[in-house]
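> Structure for the following, please:
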Amino acid sequence: MTPRYLGIDVGGTNSKLAVLEIEGDHRTVLATATIPTGAGDPGEVVGRLGAAGARLAAEHGPVAAAGAGVPGLFDEASGRIVLLPNLPAAWTGRPFRDPLAGLLGVPVALINDARAFTLAESRMGAAAGCPTVVCLTLGTGVGGGVVVDGRLRFGPSGRAGELGHQVIEVDGPPCGCGNRGCVEAFAAGAVLCRLGGRDTPEAVFRAAAAGDRRAGAAVGATVGRLAVGIANLVTVLWPERVVVGGGVAAAGDQLFGPLRVAVAAAAPLVDPASYEIVPAALGPAAGAIGAALWAREGPGP
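Got it, this is the predicted structure:
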């Protein structure tokens with residue numbers, strides 16, 4: 001049987017799962033699923049994830065290994081959590097990889113969720129076939145990842161690719177990372193909502209399209225700041241494609257039209273014809289697909 005791999009994308013509210021069949025460069029998504037992540041003790045959350053993953057693997061496997069995309073930081077050597085800011089319980093220092101592997105009965109490789117998204121979009125999504133790629137996720141925060149010469153870049157600590165934490169204004173507004181003036185401090189969904197006076201980014205974009213001046217100004221400010229961050233990346237890396245996903249990206253042309261113009265203006269040294277800024281292609285399952293790919297490509301436990 002062609003090897004199959006399980007991917008789990010751990011979210012603050014819901015978690016996504018996927019089973020991939022992978023042979024060489026041929027990759028097929030066999031099944032996806034969504035479950036509530038749920039609250040409670042970290043052990044209970046791991047138990048739910050393990051049970052759901054085991055069910056999906058039993059139905060569409062067997063799987064050779066699993067990958068788990070986590071929304072924060074982890075220690076690669078021990079498989080313990082360092083920081084999961086969007087999950088309420090006390091996760092710091094708690095084991096994650098080994099208990100999950102025990103429940104699934106296969107090795108588990110951990111990856112940051114934004115890097116999993118990047119891997120999926122660069123292998124199977126909007127940037128498939130592009131050697132150098134920049135991917136950003138616009139949602140609660142601004143995450144991302146970078147692929148150079150076909151390889152996802154992690155750096156020696158596994159934390160390279162925090163694109164949302166470039167400083168674009170010295171002494172700017174505080175960011176959740178502890179610094180000031182990061183892209184995320186200007187372009188996160190919550191910031192757009194606050195500036196636009198609406199409960200969701202979608203509502204801000206709708207109001208802006210309807211002519212609301214406050215919402216329009218919020219969209220303009222967010223796009224302008226985001227464009228500076230992307231222009232920096234385009235100037236340094238010269239990617240063939242910039243992929244933008246996440247909830248804010250659901251605005252479609254209302255975001256991408258002015259964003260392309262603003263990036264071109266902010267990156268005058270780079271020919272705009274040499275790169276494309278495109279929406280992500282794999283939808284909500286991208287993180288789980290990337291985690292499954294990492295189960296095949298990554299270091300394992």
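> Any stretches of the protein with poor pLDDT?
Applying pLDDT under 70 to the chain flags residues 88-89, 299-301.
> so where does the spatially most central residue of it fall, helix or strand?
In the chain, the C-alpha nearest the mean C-alpha coordinate belongs to residue 114, at 2.5 Å (Cα atoms, centre = their mean). Using DSSP states H and E, residue 114 falls within helix 113-123.
> swap in residue 296?
Assigning secondary structure by DSSP H and E places residue 296 in helix 286-297.
> quick one: buried residues of that helix?
286, 287, 288, 289, 290, 291, 292, 293, 294, 295, 296, 297 (16 or more other Cβ atoms under 10 Å). Bear in mind the C-beta positions are built from the backbone N, C-alpha and C, glycine included.
> Including distance to residue 192, could those go into CSV?
What follows is those, written out as CSV (distance: Cβ to Cβ, whole Å):
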residue, distance to residue 192
286, 21
287, 22
288, 26
289, 27
290, 25
291, 28
292, 31
293, 31
294, 30
295, 34
296, 36
297, 34
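> In a helix, residue 217, correct?
Yes: according to DSSP: H, G, I helix; E, B strand; the rest coil, residue 217 belongs to a helix.
> Neighbours of it, how many?
A count of nearby residues for residue 217, using other Cβ atoms under 10 Å, gives 13.
> Also residue 146?
When neighbours are defined as other Cβ under 10 Å, residue 146 has 23 of them.
> tell me the secondary structure for it?
Relying on three-state DSSP, one would call residue 146 strand.
> three-state assignment of residue 156?
Residue 156 - assigned by three-state DSSP - is coil.
> quick one: it from residue 178, how far?
21 Å (Cβ to Cβ, to the nearest Å).
> Could you do residue 158 as well?
19 Å.
> if you count what's nearby, which of the two comes out ahead?
More crowded of residue 158 and residue 178, by other Cβ under 10 Å: residue 158, with 16 against 8.
> Spatially, and excluding backbone neighbours, which residue is closest to the more buried one.
Sequence neighbours aside, residue 76 is the residue nearest to residue 158 in space, at 5.4 Å (criterion: Cβ to Cβ, 6 or more residues apart in numbering).
> that older thread, how many degrees apart are the helix holding residue 114 and helix 286-297 in direction?
Calculated by axes from the mean of the first three to the mean of the last three Cα atoms, to 10 degrees, helix 113-123 forms an angle of 80 degrees with helix 286-297.
> Helix 113-123 - contacts with which helices or strands?
Judged by 3 or more Cβ pairs under 8 Å, 6 or more residues apart in numbering; DSSP states H and E, the packing partners of helix 113-123 are strand 4-9, strand 65-70, strand 133-138, strand 142-148, strand 151-152, strand 241-245, helix 286-297.
> Distance to residue 203 for these - can I get that in CSV?
CSV is the format used below for the helices and strands packed on helix 113-123 (distance: least, Cβ to Cβ, whole Å):
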stretch, distance to residue 203
strand 4-9, 25
strand 65-70, 28
strand 133-138, 15
strand 142-148, 19
strand 151-152, 34
strand 241-245, 19
helix 286-297, 24
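> Nearest to residue 100 among these would be which one?
Closest approach to residue 100 among the helices and strands packed on helix 113-123 is made by strand 65-70 (6.2 Å; Cβ to Cβ).
> Does anything pack onto the closest one? Which helices or strands?
Partner elements for strand 65-70 (3+ Cβ pairs under 8 Å, 6+ apart): strand 4-9, helix 42-60, helix 97-104, strand 108-112, helix 113-123, helix 286-297.
> would you list the ones you listed in a markdown table and tack on distance to residue 269?
Output for those, formatted as a markdown table (distance: least, Cβ to Cβ, whole Å):
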| stretch | distance to residue 269 |
| --- | --- |
| strand 4-9 | 36 |
| helix 42-60 | 45 |
| helix 97-104 | 43 |
| strand 108-112 | 30 |
| helix 113-123 | 24 |
| helix 286-297 | 31 |
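> Now for residue 1, how many residues are close by?
Using other Cβ under 10 Å, residue 1 has 8 other residues around it.
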